[in-house]
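Quick one, structure for this:
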Amino acid sequence: MAEARFDVLTIGNAIVDVIAPIEPGFLEREGLSEGIMHLVDAERSEYLYQRMPADKRQISGGSSANTAAGVASLGGRAAFVGKVAADPLGDVFADDLKRIGVHYGVSRLVDGPATARSMILLSPDGERTMNTYLGACHQLTPADIREDEIGAATVTYMEGFLWDPTEAKKAFVTAAHYAHKHEKAASFTLSDPFCVHRYRDEFLDLIRSKTMDIVFGNIEELKALYQTDFHGAVQAIAQDAELAAITMGAQGAMAIANGEIITVPAYAVPEVVDVTGAGDLFASGFLLALARERDLRTALQAGCLAASEVISHIGARPVADLQAMAAGHGIGV
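Here you go, the predicted model:
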């Protein structure tokens, strides 16, 4: 087995987030369901962009890219694979990853859709409603998955949001194949209940076939996967998955492995400002701890701590030094 060059390599949609707070009534007027990720076309994307408040912020995002950013902030060696266009937003995305020390070597899309963007509407209680134009990121193909990169990562992590275009699905499975070929772990996140509803059978097959060794999700995603209550879903995934990591919001998180369930509490935050990226950053801490062969309790604590940082401010990437935070809490990631 080759020496690992990366602790965690993540694969997913390369998106620039456009974030703004909204007043009560905005979602209803625009026919949007709170807390849901809506897929939109280029025209709808531009429409919503124009109607968002003037104080909007543009921040590189994308679920798996946020996870890679969190790994880097924790002091880990991170890489990201995802597609952007050769346009200004693509430059923003690539420059942001370079600045925070995440390896990114994917070729730019020259003739095709623009770089993806997600309009994130923040309700007064911190709940986020996403409206995502996927653009260039849906042009990821198996040709973008390099065996030398996957083989050089202790664990590869993919997002369910990517499980839509045929070529991206092939890329997903190709990455898992390369990981296993090099005796490394493959993992993925269920991403969102709407993803689970669309691809429930395929997600179950990824888990049951052991194409994926580790699965991440939250309570609602897990319930959607097994179409039952939370207790029943936990029992079911214990049978299907080698390892499952489930976030439970203010109740903390649990890991399920070998018939054992381990839970840890959430870290208190003075104010929940924006829950965007909480699951992404949980995965950062959990995956880095696993890559460094820490125990599951430590992995859960690292995940919950990283999530607590990102929900305390606007934006889905850490602004504090997560490595210093972990050390301050006695978490040896």
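
and stretch 21-32, how far apart are its ends?
Stretch 21-32 has its terminal residues 15 Å apart, counting by C-alpha to C-alpha, to the nearest Å.

and it, which residues are buried?
By 16 or more other C-beta atoms under 10 Å, the buried positions in stretch 21-32 come out as 21, 22, 26, 27, 30, 32. In this view, the C-beta of every residue, glycine as well, is placed from N, C-alpha and C.

before we move on, what about stretch 215-227?
215, 216, 217, 218, 219, 220, 221, 222, 223, 224, 225, 226.

got CSV for these, with secondary structure, pLDDT and distance to residue 307 too?
Shown next, in CSV, are those (DSSP: H, G, I helix; E, B strand; the rest coil; pLDDT from 0 to 100; distance: C-beta to C-beta, whole Å):
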residue, secondary structure, pLDDT, distance to residue 307
215, strand, 98, 17
216, strand, 98, 12
217, strand, 97, 14
218, strand, 97, 11
219, helix, 97, 14
220, helix, 96, 16
221, helix, 97, 15
222, helix, 98, 17
223, helix, 97, 20
224, helix, 97, 21
225, helix, 98, 21
226, helix, 98, 24
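
which one of the buried residues of stretch 21-32 is nearest residue 324?
residue 21 (28.8 Å; C-beta to C-beta).

what sits against the closest one?
Listed by C-beta atoms under 8 Å, 6 or more residues apart in numbering, the contact set of residue 21 reads 53, 55, 122, 124.

Select only the buried ones of these in PyMOL?
Command for PyMOL, covering only those of the contacts of residue 21 found buried under the criterion 16+ other C-beta under 10 Å:
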select buried, resi 122
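
Could you check how far residue 4 is from residue 59?
Distance of residue 4 to residue 59, computed by C-beta to C-beta, to the nearest Å: 29 Å.

which residues in the stretch 151-300 of the chain form helices?
Per DSSP state H, counting those that start in this stretch, the stretch 151-300 of the chain carries helices over the ranges 166-181, 193-208, 219-226, 230-240, 278-291, 296-310.

which one of those helices lies closest to residue 101?
Closest of these to residue 101 is helix 278-291, at 13.4 Å (criterion: C-beta to C-beta).

thinking again about what came up before, rebuild the contacts of residue 21 as CSV, extending it with distance to residue 177, pLDDT and secondary structure.
As requested, the contacts of residue 21 are arranged in CSV below (distance: C-beta to C-beta, whole Å; pLDDT from 0 to 100; DSSP: H, G, I helix; E, B strand; the rest coil):
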residue, distance to residue 177, pLDDT, secondary structure
53, 45, 87, coil
55, 45, 84, coil
122, 39, 92, strand
124, 46, 88, coil
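
Tell me the buried residues in stretch 259-266?
For stretch 259-266, burial by neighbour count (16+ other C-beta under 10 Å) applies to 264, 266.

What number of residues are in the vicinity of the closest residue to residue 81 other than its chain neighbours?
Take residue 81 and drop its neighbours on the chain: the residue closest to it by C-beta to C-beta, 6 or more residues apart in numbering is residue 11, 4.5 Å away. For residue 11, the count of nearby residues is 30 (other C-beta atoms under 10 Å).

pretty sure residue 51 contacts residue 29?
No: taking contacts as C-beta atoms under 8 Å, residue 51 lies outside contact range of residue 29: 9.1 Å.

State the distance from the residue nearest to residue 81 to residue 238.
Counting by C-beta to C-beta, the gap from residue 11 to residue 238 is 26 Å.

With residue 206 instead?
From residue 206 across to residue 238, the span is 17 Å (C-beta to C-beta).

Quick check, pLDDT for residue 2.
Note on residue 2: pLDDT of 57.

no wait, residue 101
Confidence at residue 101, expressed as pLDDT, is 96.

So that it lines up with my notes, have the first residue be 587 from now on.
With 587 as the first residue, the last one maps to residue 687.

That one - how many residues pack around it?
That count, for residue 687 with other C-beta under 10 Å as the rule, works out to 15.

And for residue 728?
Residues lying near residue 728 (other C-beta under 10 Å) number 15.

mind listing what it touches?
Counted by C-beta under 8 Å, 6+ apart, residue 728 has contacts 753, 756, 757, 760.

hang on, the third one packs against residue 597?
Same thing as residue 757. Yes: if you go by C-beta under 8 Å, residue 757 and residue 597 touch, sitting 7.2 Å apart.

Give the burial count for residue 659, as a bare number.
Counted with other C-beta under 10 Å, the neighbours of residue 659 add up to 29.

Run a quick check on it versus residue 905, I expect a contact.
No: using C-beta under 8 Å, residue 659 is not in contact with residue 905; the gap is 9.1 Å.

Is residue 675 within a helix or a strand, and which one?
helix 674-686 (DSSP states H and E).

which one is residue 766 nearest to, not counting chain neighbours?
Nearest-residue entry for residue 766: residue 772, 6.5 Å, with adjacent residues in sequence omitted and distances by C-beta to C-beta, 6+ apart.

Check residue 689 too.
residue 665 (4.0 Å).

tell me the SS of the one you found?
Here residue 665 is recorded as strand under DSSP: H, G, I helix; E, B strand; the rest coil.

mind listing what it touches?
If a contact means C-beta under 8 Å, 6+ apart, then residue 665 has 592, 594, 595, 596, 654, 688, 689, 690, 735, 739 as its contacts.
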